[in-house]
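# Sequence and predicted structure, then a few things I'm wondering about:
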Amino acid sequence: MENRREHVRTPIKVPLRIDHPLHGGLMAATRDISDGGVFVVIEDAHRLLRGGELVSGQIQGLPGEAPLVRMRVVRCESGGVALTYADD
């Protein structure tokens with residue numbers, strides 16, 4: 001099977017707060033991260049998020065406040081959601 005990923009993924013687990021316009025703040029953890037996006041472990045992600053939706057994310061637990069990053073939902077699975085960094 002050919003790997004067509006543009007960016008290399010790095011496995012890393014950090015707490016992440018996702019702010020959704022309808023559901024408010026959701027606490028989750030990352031599974032991996034790349035220069036193009038992040039995969040976040042969320043139970044029943046397909047019930048909470050839809051492809052194309054814009055959300056904001058912020059890493060938690062750092063010594064200082066992390067930046068708030070706008071992201072777009074790319075794919076929902078039973079165990080989580082793939083998010084790409086949004087420029088718009």
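That came through fine. Computed from a prediction, not measured in an experiment: that's the story for all the values here.
# Burial check on D87, number of neighbours?
For D87, the neighbour count with other C-beta atoms under 10 Å is 6. Bear in mind the C-beta positions are built from the backbone N, C-alpha and C, glycine included.
# Next up, identify which helix or strand it is on.
Assigned by DSSP states H and E, D87 belongs to no helix or strand.
# What does the pLDDT read for it?
Here the pLDDT value assigned to D87 is 79.
# and if you look at G80?
pLDDT for G80: 94.
# How about R5?
Here the pLDDT value assigned to R5 is 64.
# and what of the one 10 residues further on?
Predicted confidence (pLDDT) for P15: 98.
# residues contacting the closest residue to it other than its chain neighbours?
Excluding the flanking residues, the one nearest P15 by C-beta to C-beta, 6 or more residues apart in numbering is Q60, at 4.2 Å. Neighbouring residues of Q60 by C-beta atoms under 8 Å, 6 or more residues apart in numbering: V14, P15, L16, R17, M27, A66.
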